[in-house]
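[1] One predicted model, sequence on top.
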There are 2 protein chains.
Amino acid sequence: MTDQNCFDVVIVGAGPAGLIAATWMAQTGIRTLVVEKKPIHTQAGHADGLESRTLEVLDSFGLGERIWAETNRTIEVCLWSTSSLHGGISRDSVQANCTPGLSRFQEATLGQGRIEEHLLQFVGRHPNVHILWDTVPTSFIIHNHLEGLSSQHAIEMHLTTAKSKNGVLSSEKTPAPASVRAKYLVGCDGAHSWVRQQLGLRLEGCSRENCHWGVIDCVPVTNFPDIRKRCIIKSNVGSVMIIPREDTLVRIYIELSPATAAQFRSNWYPSVLLTVLGDVLKPYYLVTSDIPWSTIYTVGQRICHQFSVHDRVFLAGDAVHTHSPKAGQGMNVSMQDSYNLGWKLASVLRGAASPQILRTYQEERLPIADRLIKFDRRMCRGICSSRYGEDEEPDQHHQQQQADPSHEKDKYSKLKDALSEENSSAAGLAATYAPGLLVTPAGSPHSPLCLDIPSSIWSKSYLAQNIVLGRRLLDTLVLCQSDSRPWHLQQKLPSTGQWHLLVFGGDITASTQMARVMDLAASLSHPLSAVAGRINAADPVGSIAVYLVHSAPRLDVQLADLPLIFRPLSERTGYDYGRVFADNKGYQDGTGRAYKVYGIASEGCMVLLRPDQHCAYIGALEDTPALEAFFERFTTVDE
Amino acid sequence: MTDQNCFDVVIVGAGPAGLIAATWMAQTGIRTLVVEKKPIHTQAGHADGLESRTLEVLDSFGLGERIWAETNRTIEVCLWSTSSLHGGISRDSVQANCTPGLSRFQEATLGQGRIEEHLLQFVGRHPNVHILWDTVPTSFIIHNHLEGLSSQHAIEMHLTTAKSKNGVLSSEKTPAPASVRAKYLVGCDGAHSWVRQQLGLRLEGCSRENCHWGVIDCVPVTNFPDIRKRCIIKSNVGSVMIIPREDTLVRIYIELSPATAAQFRSNWYPSVLLTVLGDVLKPYYLVTSDIPWSTIYTVGQRICHQFSVHDRVFLAGDAVHTHSPKAGQGMNVSMQDSYNLGWKLASVLRGAASPQILRTYQEERLPIADRLIKFDRRMCRGICSSRYGEDEEPDQHHQQQQADPSHEKDKYSKLKDALSEENSSAAGLAATYAPGLLVTPAGSPHSPLCLDIPSSIWSKSYLAQNIVLGRRLLDTLVLCQSDSRPWHLQQKLPSTGQWHLLVFGGDITASTQMARVMDLAASLSHPLSAVAGRINAADPVGSIAVYLVHSAPRLDVQLADLPLIFRPLSERTGYDYGRVFADNKGYQDGTGRAYKVYGIASEGCMVLLRPDQHCAYIGALEDTPALEAFFERFTTVDE
């Protein structure tokens, strides 16, 4: 085994989940191999929904704005159903497809292939990540005697060329090595995950064998008025979902009877789907001569309750949760899985955290997958015709399956509830990780959450009443002290492996408050402090960036009067002018509301965000010892 | 002469003006040669100010957002002067550096080199434009017998390699041809323009021989609190201007005594400049070890009153106007010069307009240059110390040159006026082209403007009271009818050579108003109409894109009910869903105000915009004949 065949991380699968993992590895300089059985990235079809949070995640790698500019925006969602008046369909309602103000990005659509291209371009700029296309693993073993030693290449994996008949477009011209060694293995290889099967793990759940949907991407010519809006159509002859896409492409989901499904499966002629679609859309017409992609699926929800083995092998994305594409969440939750995992792996590999933090991956992501599965089941119940058997929970009685009007009405309101939930919490923005090694509990001796966690690091969440521990920080506008430029605070929290310590100093023109900020800066700079060693360290992975957000009038504050910790001096680039912000009204709407948005009182507080922007700890300006204790819990001890 | 050496357009100079001309040529498919004496684009220094309008222009080629993301924003401007209290400088005022709401872009800074890179990347994607670096013209002649024939290559130019000692980085590996032929020649070759000299034309004006400024780009380490804001400092020992730039770079202008200027000119040691700067900045310090660029200039304003010869050779940018860089306008006006010229050249070369439109280049741009020169003189008077002789008009008496306080105060208010003017009108947004071949007058028999222009094409500007004829259309948000997505209307007006006809149809759910819109559409589609031939034509150059902006509730309007002219059908991409907009309140602030912003009454109107977004004509929905007459005036007649 040569060094050349030794990697820190091997990722199996170069879909969205695998590529987000690879993006983290690229960003943090971790030597990584990505193995993908396909000869090239996705060319057409597959996933296409991007939620606000996913766009925020992409933006944290500098990719958000460009991808956002390419997307189609699904501003509104329309519900249509059979009209009692003329028998054809008519529009019942139009509502906003996302709740304004929750994020600077809103729900949008773009083909999975384009998103992969952006991620591949990013990864391609980092020579530490190698991608082998057209390559599959044939076996892997974990060398037991190395298992406990995270610094060892305990995993051995054998590779071979996939028997692809589509020709090879490889970013690596070299053939796959027969065997590679790795410290960590990440299986992002989809619903039929080879890695998961090797681990002897299974997706659990069930399919509705009678509930089939055909899917086409097409450029339609139609007089259906809402063809460029997200639509759910529940007609007497079946249901249809319309998802407008980039350019003039439209994704259409078409509910199929078991017989039609069988017919399509036998010949794959999209005309079968178009016939059903035409019936549903009456009195409107839709024709198309351009169908770049089509598929069929049977509704089902499955989950694997184990996301990792020995904290050496991890599974993410479809490898651990599959469901219907109705809510457009699959790709999002998958990318968010590996976004959660990536910085933890990098931190361990760089010695900035002990391997025990890796167990938080499953602790944090399994509940999200569970919720997704349940949500998808509700969405499907709302959308599918009852006639095809997806109306009830599987364990409920089947006698109600006849479509009667009162029953339909009830289903409609459930669908609306599900849509509302998707617009806010389900859009990834509300994902809240429970207290654990990387999230402190809101301090209260009565809270069961606090039992295992020393009270010294309980958070004082009452100091920032609207910041939710374990949840990503809500974005707001602040003004840069040095030049009065408004910034989305989130733009200052890039994904680099760095933690972010936001010091809300209050009105620092008041001498008491300024003294508290000075004291905090002094304690954070103390030569014996372990936290001080992390602050503004050269290697971003595991370091802490410190920011001051004050509420004083900005012209009364002199940057040069502030502690150096808030304006670190570099020999090459001078002072850093991007660390101090004023919560002042500027020339742009929406500025001057940060303290209000976060519910921060005049005494201020400090808020510690993890490298993934999720809130880890809230304390008073005097709580440096709690910070020390927090980091101490997972600081690496030499093996 | 082989075909290979024949070009439609030869551009001399690949600075910002030359590259905007090249960008137009690239975009419109015109065979073009760019000749640049330097071996490579600008690497450091030179211009750095970007005005709102320039960013709009760049955005109209799809480059705005990326350049905007790279810029530094100069949000505020601070005035500093010697304090009577402690003798050092203190801040007198802080004000907004641009008027909010006039554009979606605001004043910003970015090194000229980066802007050139973006333009070169754009041009590089179009094989019809060739760039020869390290190449200079040695002579050119206009073949008289071909002069009147615009379709002939009447210009012959000889080229040779520039004797560059900086090594060659050429995008073309082939050596320059000895001789090329062209239909049109554009001289964008700077203040010492070779093309201008060949034409026997001169810059007129004068320098203030006693008024010298040193300039440095540096990464400063300083406790001066406004180092990241635009500052004008008028101290007892001289004046300084600070322009923060991208990253941590700062551009500093330092007024020099004649003796210091001579010293710097003799040795080019920036330490000479830093010493003066240090004196001005007291009590603050500024040190730097990184000065990537420095220069010195003597204040002067010069203009060439002829912008073209025989409408065959054109001059743009510094070749026809030079001035001090105080207002950060030089690069902007230069780029806007060739932005004005480019689409006209392309239209003539594609047969979409007669060559007579070319005379409007000088008619429209010379007044802008005149105004720039006067504005710069005012700015300089406001900024320079009176002791160095730039206080008064050259023809005024020189006795007042001693700095007395009341006099200084007066000067300060003039400076503030100049700054205000720059923020609004001078930022390129207010540039208003007078009535002529390509701008109709606001119709009134009493207006002297209308004398030469037939009354059949006088504009009914009262129908859109806030739209200024000859000025670029103010941007506003509208909702796309098909998907309710908010768009900046300006984003729908790209620079492709296409004219834009905005039909403000009013409330089209009212049958009378809908009937008027239907009639307009019919008249615009009439087989005998010359305008109809231009509408949605295959070649964008000289064609007309039609848009409908109605004020009806969007859910009450069905796109499929509207005339095909507003939703042209393409075999490949289906209906065009991007032509109809509703002036409705959407989910985003700022929507639903278009009719109010433009001052459009309920009866509606139509507004014709030129390919450069400047308003050419305003008429009623029945005024298709006026449109016909307008285009008729400059439609090509075969030679």
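    That came through fine.

[2] Pull the contacting residues for the closest residue to A:Ala582 other than its chain neighbours.
    Nearest non-adjacent residue to A:Ala582, counting by Cβ to Cβ, 6 or more residues apart in numbering or on different chains: A:Arg554, 3.8 Å away. Every residue, glycine included, has its C-beta placed from N, CA and C. Neighbouring residues of A:Arg554 by Cβ atoms under 8 Å, 6 or more residues apart in numbering or on different chains: A:Leu479, A:Gln481, A:Ser484, A:Ala582, A:Asn584.

[3] ok, now how distant is A:Arg554 from B:Met241?
    22 Å (Cβ to Cβ, to the nearest Å).

[4] again, but for A:Arg485
    With Cβ to Cβ as the criterion, A:Arg485 and B:Met241 are 19 Å apart.

[5] CA atoms only: put stretch A:302-322 into CSV for me.
    What follows is stretch A:302-322, C-alpha atoms only, in CSV (Å, rounded to 0.1, in the frame of the first residue of the first chain):
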residue,chain,number,x,y,z
ARG,A,302,-38.1,3.7,4.2
ILE,A,303,-35.5,4.5,6.8
CYS,A,304,-32.4,2.9,8.1
HIS,A,305,-32.1,3.4,11.9
GLN,A,306,-28.4,3.2,12.0
PHE,A,307,-26.4,6.0,10.2
SER,A,308,-22.9,4.8,11.2
VAL,A,309,-20.9,1.8,12.2
HIS,A,310,-18.1,2.2,14.8
ASP,A,311,-18.1,5.9,13.9
ARG,A,312,-15.8,4.8,11.0
VAL,A,313,-18.3,4.2,8.3
PHE,A,314,-21.2,6.7,7.8
LEU,A,315,-24.3,6.6,5.6
ALA,A,316,-26.0,9.7,4.2
GLY,A,317,-28.8,10.6,1.9
ASP,A,318,-30.9,8.1,0.1
ALA,A,319,-28.7,5.4,1.6
VAL,A,320,-30.6,5.9,4.9
HIS,A,321,-33.9,7.4,3.9
THR,A,322,-36.0,7.1,0.8
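
[6] Report the mean confidence score over it.
    The average pLDDT within stretch A:302-322 is 95.

[7] got the buried residues for that stretch?
    A:302-304, A:307-309, A:311-322 (16 or more other Cβ atoms under 10 Å in any protein chain shown).

[8] what about the helices in the stretch 151-300 of chain A?
    For the stretch 151-300 of chain A, applying DSSP state H, counting those that start in this stretch gives helices covering A:194-198, A:258-267, A:270-281.

[9] ok so, going back, among the buried residues of stretch A:302-322, which lie within strands?
    By the criterion of DSSP state E, membership of those in strands covers A:Arg302, A:Ile303, A:Ser308, A:Val309, A:Val313, A:Phe314, A:Leu315, A:His321, A:Thr322.

[10] In contact with the fifth one, which residues?
    With contacts taken as Cβ under 8 Å, 6+ apart, A:Val313 has the following neighbours: A:Ile142, A:Ile155, A:Tyr184, A:Leu185, A:Val186, A:Gly187, A:Val195, A:Leu199.

[11] Recalculate using a threshold of 10 Å.
    By Cβ atoms under 10 Å, 6 or more residues apart in numbering or on different chains, the residues touching A:Val313 are A:10, A:12, A:140, A:142, A:154-155, A:182, A:184-187, A:195-196, A:198-199, A:201, A:307.

[12] So which bits of the stretch 251-400 of chain A are right by chain B?
    Proximity of the stretch 251-400 of chain A to chain B (Cβ under 10 Å from any Cβ of the partner chain) is limited to residues A:Tyr284, A:Val287, A:Thr288, A:Ser289, A:Asp290.

[13] Give me the buried subset of those.
    A:Tyr284, A:Thr288.

[14] Now, the residues of the stretch 251-400 of chain A next to chain B that are in strands?
    Judged by DSSP E, the subset of those located in strands is A:Val287, A:Thr288.

[15] Report the two of the residues of the stretch 251-400 of chain A next to chain B separated the most.
    Within those, A:Tyr284 and A:Asp290 form the most distant pair, 18.7 Å apart (Cβ to Cβ).

[16] Could you verify my assumption that A:Thr71 touches A:Arg245?
    Yes - if you go by Cβ atoms under 10 Å, A:Thr71 and A:Arg245 touch, sitting 8.7 Å apart.

[17] quick one, domains of chain A?
    Following automatic domain parsing, chain A resolves into domains at A:3-71+A:109-203+A:302-382, A:448-632.

[18] Tell me which of those domains is the most buried.
    Ranked by mean neighbour count, these are led by domain A:3-71+A:109-203+A:302-382 with a mean of 21 (mean count of other Cβ atoms under 10 Å in any protein chain shown).

[19] So which residues on the stretch 451-600 of chain A come close to chain B?
    A:479-486, A:554-555, A:557-561, A:569-578, A:586-590.

[20] what about the one residue in the stretch 501-639 of chain A that gets nearest to chain B, distance to B:Gly238?
    Of all residues in the stretch 501-639 of chain A, A:Ala560 sits closest to chain B, at 4.0 Å by Cβ to the nearest Cβ. Applying Cβ to Cβ, the value for A:Ala560 to B:Gly238 is 23 Å.

[21] do A:Ala327 as well
    66 Å.

[22] isn't A:Gly436 right up against A:Thr360?
    Yes - contact criterion Cβ under 10 Å: A:Gly436 and A:Thr360 qualify, at 5.4 Å.

[23] Report the contact partners of A:Leu438.
    If a contact means Cβ under 10 Å, 6+ apart, then A:Leu438 has A:340, A:344, A:347, A:353, A:357, A:360, A:363-364, A:470, A:610-612, A:614, A:616-617, A:630, A:633-634 as its contacts.

[24] how about it, phi and psi?
    For A:Leu438, the backbone dihedrals (degrees, to the nearest 10) come out as phi -120, psi 10.

[25] what do you get for the one 3 residues further on?
    Dihedral angles phi and psi of A:Pro441 (degrees, to the nearest 10) take the values phi -80, psi 160.

[26] element containing the nearest residue to it once chain neighbours are set aside, please.
    Leaving aside its sequence neighbours, A:Pro441 sits nearest to A:Pro435 (Cβ to Cβ, 6+ apart; 3.8 Å). Assessed by DSSP states H and E, A:Pro435 sits outside every helix and strand.

[27] count of residues packed around A:Pro435?
    Applying other Cβ atoms under 10 Å in any protein chain shown, we find 22 residues neighbouring A:Pro435.

[28] What's the separation between it and chain B?
    A:Pro435 is 35 Å from chain B, where distance means Cβ to the nearest Cβ, to the nearest Å.

[29] For that residue, report the pLDDT, please.
    pLDDT, A:Pro435: 93.

[30] A:Glu421 too?
    With respect to pLDDT, A:Glu421 scores 72.

[31] That one contacts A:Gln329, correct?
    No - at 11.2 Å, A:Glu421 and A:Gln329 do not qualify as touching, with contact defined as Cβ under 10 Å.

[32] What ranges does the stretch 51-200 of chain A have for its strands?
    Along the stretch 51-200 of chain A, counting by DSSP state E, counting those that start in this stretch, strands occupy A:72-73, A:76-82, A:89-96, A:108-109, A:129-132, A:135-142, A:155-161, A:179-187.
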